[in-house]
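Novice: 3D, please:
(2 chains, ligands or ions: 2)
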Amino acid sequence: MTISNNSTIELRGVSKSYQRGKSKVPIFDELTMTIEDGDFVAIMGPSGSGKSTILNLIGGIDTIDAGAISVGGTVLGNMNESALTRWRSNHVGFVFQFYNLMPMLSAAENVELPLLLTSLSRSERKKRVETILEIVGLTERARHLPSELSGGQQQRVGIARAVAADPQILLCDEPTGDLDRKSANEILELLQLLNTKLNKTIIMVTHDESSTAYAKRTLFLDKGRFIQQEMNQCA
Amino acid sequence: MTRLLRQSITLSAANIKSLHRRAWISMSMILSVALVVVVLLGFLSMANGFRKTLDATGAEDVVMITSRGSFGEAMSRLTTNQTHQIEEGPGLLRSASGDPVLSAELLVPVDALTMADGQTATLSLRGVGPNAMALRENLTIVAGKMFTAGSGEIIVGQRLSTKYRNMQIGDTITFGRSEWTVVGHFRANGSVFESEMMADRGVVQTLFERQNEVQSIRAQLAGVSDFEVFRAYVEDELDMGLSARTEKEYFAAQATNVSRIIVFLGWPLALVMAIGAAVGAMTTMYSSVSDRLTEIATVRAIGFSRTAAFIGTLFEAIVLTLIGCVIGVAIAKFGLEGFSASTRGGANTQLAFQLMLSVPIVVQATVLALFVGLVGGGLPAYRATRVPLRSAMTGRS
Ligand SMILES: Nc1ncnc2c1ncn2[C@@H]1O[C@H](COP(=O)(O)OP(=O)(O)O)[C@@H](O)[C@H]1O
Ligand SMILES: [Mg+2]
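Specialist: Ligands and ions are numbered 1, 2, ... in the order given. Below is the predicted model of the structure:
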């Protein structure tokens, strides 16, 4: 569905508001920005500033009121519900703060979920799951249920699931928000690895200043606008 | 298509695996479906058993003559002339003197007092001819003796004698202005006759001022194969608005009517209960959807389709429904069928018959259960397709 393997994310004049009671609460007003292929962007901002909303909009799980969002030239607003669903499965992976693993499925089964939407055969899926669990260092835990894993391990399963179907874009909403420092750093290193070695585009919302060091640049969001941008040398 | 199938199977299996989180409310849905199934099966198996039993009773070489279109004997009336014509009919078994073996009978309603609290209850007194016993093979006097023809003697069904006053042998019982002496108790293999009393027809006609009135004639055919010629004579040749049926046919017709009534009572009740169960199922399934909100939103964000979310939820509803259905059928099978077998053994059965399940009946109950599952699961399954996906971002699973 992509025109080329270029997956540049473009927001043009994006407006979004939520209905709260009788009044409309604007979140974004005419927001414009571009995120290039292979970028690793950290987004910071106060609670309620619209960080999650922007991930949802780019990932096609929420809709905008005005403007346009395109990914690799594909305009999300032009797709109907089922086309958008299919598009998501091919192009984006989500990483959630609370991991959102299916509690009744093993680590391997959770990672396999997005592969069920591909044309891979059962044995190909199995092989892919093994490879990815190896990358995230959980080969030993493949058969464990989420409840038998630590928070850091669960988030690694979450990341494995997000990259399983090999999407170009990873959308991470406070992926380390529920983890201790050490586990958080391991997760951030893993994301950085996916960005540098596999050239994944990563957009990561975070509350934690030190997490931004792993990204290539940091955007500060406030009152629906990006107020400041920082480039990171170390990345 | 295979992808949709894979998604649906995965979500369905995941839902079933997470049922323990919703154990109680799922159990309540299962039980309400089971209850509906048991109630429907109760009625249908009663109707079925009733029909099957009466289908099997009744002789094929005894013919019943009533006026045409009458349901049973109650509404039937035969004139003296008609009775004489029937006595002349072909195919009847005749004694050496040429008399047919038949019994012209009438039923009069009489009031008796219950043993327990002296309440009035209406019973049937049957006036019968001398061949009545011969025509009822399973009728036996279990105490006392048969009434003497032309006398004010009466025999009563054994079952009645334990329930009503003045029915012990030697007692005098009064019906209106007539007085009777109880001389015998009889049994009739659990059939309807056991809830009647019998006396000489002539005496009954006189004492109740129903001279010459007859409601039915029961006659012995020379052989089973003689029925058709006799029927043709009564129905076509005489053309007096009479109907001739073998006793077996007669009972079968009665049974059909009664079992229809049972079915007509049973279905609406079961349907009303099914609607209640469907509402309950809906509550269960809505709570299942809200319990799985984050899971649904997450797999939808991953790219699972709405259809898969729908099917997964509906599958859960149908599985719960079918479990309830199986439990209901099992209760009917091992509870109801057994229960009726024991009442059959007792002497106090009005009409001994077994509650009988059959494949068509179980199919009907299963269809009703599936109706509960589909109605109860449909809207919640639709709701599952409309879960806002951003709840994946905020939700804690
Ligand atoms: N479904 C919704 N309905 C109404 N308001 C919403 C909804 N989702 C988010 N909001 C509001 O939009 C604003 C931005 O939300 P969000 O993107 O979650 O902020 P952040 O992730 O930066 O904390 C908040 O004020 C929030 O209350
Ligand atoms: Mg947020």
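
Novice: any idea how far the residue of the stretch 251-397 of chain B found nearest ligand 1 lies from A:Leu57?
Specialist: Distances from the stretch 251-397 of chain B to ligand 1, computed as C-beta to the nearest ligand atom, single out B:Arg390 as the nearest residue at 6.1 Å. C-beta coordinates here come from the backbone N, C-alpha and C atoms, glycine included. Distance of B:Arg390 to A:Leu57, computed by C-beta to C-beta, to the nearest Å: 10 Å.

Novice: give me every residue that touches the residue in chain A that chain B sits nearest to.
Specialist: Of the residues in chain A, the one nearest chain B is A:Ser89, at a distance of 2.5 Å by C-beta to the nearest C-beta. By C-beta atoms under 8 Å, 6 or more residues apart in numbering or on different chains, the contact list for A:Ser89 reads A:114, A:117-118, A:165, B:302-303.

Novice: any idea how far it is from A:Leu117?
Specialist: When distances are taken as C-beta to C-beta, A:Ser89 and A:Leu117 turn out to be 4 Å apart.

Novice: Check whether the residue of the stretch 251-397 of chain B closest to ligand 1 really touches A:Ile54, as I assumed.
Specialist: No: B:Arg390 is beyond contact range of A:Ile54, at 11.5 Å (criterion: C-beta atoms under 8 Å).

Novice: what about these two, which has more around it?
Specialist: Here B:Arg390 and A:Ile54 are compared on neighbour count by other C-beta atoms under 10 Å in any protein chain shown; more neighbours surround A:Ile54, at 29 against 18.

Novice: Tell me the spacing between the residue nearest to that one when sequence neighbours are not counted and B:Thr284.
Specialist: Taking C-beta to C-beta, 6 or more residues apart in numbering or on different chains as the measure, A:Ile54 lies nearest to A:Ile43, with 7.0 Å between them; neighbours along the chain are not counted. Between A:Ile43 and B:Thr284 the computed distance is 41 Å (C-beta to C-beta).

Novice: Show me which helix runs longest in the chain.
Specialist: The chain I'm using is chain A. helix A:181-198 (DSSP state H).

Novice: actually chain B
Specialist: The helix of greatest length in chain B, counted in residues with DSSP H as the criterion, is given as helix B:247-291.

Novice: So which elements touch that one?
Specialist: Applying 3 or more C-beta pairs under 8 Å, 6 or more residues apart in numbering or on different chains; DSSP states H and E, we find helix B:247-291 packed against helix B:23-56, strand B:62-67, helix B:306-331, helix B:359-385.

Novice: how much distance is there from whichever helix or strand comes after that helix to the middle of the chain?
Specialist: Sequence-wise, the next helix or strand downstream of helix B:247-291 (DSSP states H and E) is helix B:293-302. Between the mean C-alpha point of helix B:293-302 and the mean C-alpha point of its chain there is a distance of 51 Å (C-alpha atoms, centre = their mean, to the nearest Å).

Novice: For chain A, what's its nearest residue on the stretch 51-200 of chain B.
Specialist: Closest contact between the stretch 51-200 of chain B and chain A, by C-beta to the nearest C-beta, is at B:Lys52 (47.6 Å).

Novice: tell me the contacts of the closest residue to that residue other than its chain neighbours?
Specialist: Sequence neighbours aside, B:Met356 is the residue nearest to B:Lys52 in space, at 5.6 Å (criterion: C-beta to C-beta, 6+ apart). Taking C-beta under 8 Å, 6+ apart, we find B:Met356 in contact with B:45, B:48-49, B:52, B:337.

Novice: which residues in the stretch 1-150 of chain B form helices?
Specialist: Taking DSSP state H, counting those that start in this stretch as the test, the helices found in the stretch 1-150 of chain B are B:2-17, B:23-56, B:80-87, B:132-135.

Novice: To clarify, my last question referred to chain A.
Specialist: With DSSP H as the criterion, chain A has helices at A:51-58, A:81-91, A:107-112, A:122-135, A:151-164, A:181-198.

Novice: With distance to B:Met197 and mean pLDDT added, can I get the ones you listed in TSV?
Specialist: Converted to TSV, those look like this (distance: least, C-beta to C-beta, whole Å; pLDDT from 0 to 100):
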stretch	distance to B:Met197	mean pLDDT
helix A:51-58	85	94
helix A:81-91	77	95
helix A:107-112	76	98
helix A:122-135	78	96
helix A:151-164	83	97
helix A:181-198	92	96
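
Novice: among those helices, which is nearest ligand 1?
Specialist: helix A:51-58 (3.2 Å).

Novice: Any part of that closest one near ligand 1?
Specialist: Yes: counting by C-beta under 6 Å from any ligand atom, ligand 1 has neighbours in helix A:51-58: A:51-53.

Novice: neighbours around the residue of the stretch 51-200 of chain B closest to chain A, how many?
Specialist: Counted by other C-beta under 10 Å, the residues lying close to B:Lys52 total 16.

Novice: what do you get for A:Arg125?
Specialist: For A:Arg125, the tally of surrounding residues (other C-beta under 10 Å) stands at 19.

Novice: do you know how far the nearest residue to it once chain neighbours are set aside is from A:Lys126?
Specialist: Once its chain neighbours are removed from consideration, A:Arg125 has its nearest residue in A:Leu115; the separation is 4.5 Å (C-beta to C-beta, 6+ apart). According to C-beta to C-beta, A:Leu115 stands 9 Å off from A:Lys126.

Novice: These two - which one has more neighbours?
Specialist: More neighbours sit around A:Leu115 than around the other of A:Leu115 and A:Lys126, counting by other C-beta under 10 Å; the figures are 22 against 14.

Novice: OK, contacts around residue 28?
Specialist: Because you didn't say which chain, this covers chain A. For A:Phe28, the contacting residues are A:14-16, A:50, A:53-54, A:224, by C-beta under 8 Å, 6+ apart.

Novice: wait, I meant chain B there
Specialist: B:Ser28 sits in contact with B:280, B:284, where contact means C-beta under 8 Å, 6+ apart.

Novice: measure it to B:Val279 for me?
Specialist: If you go by C-beta to C-beta, the gap between B:Ser28 and B:Val279 works out to 12 Å.

Novice: before we move on, what about B:Val128?
Specialist: 55 Å.

Novice: Tell me, how many residues neighbour A:Cys172?
Specialist: Counted with other C-beta under 10 Å, the burial measure for A:Cys172 works out to 27 neighbours.
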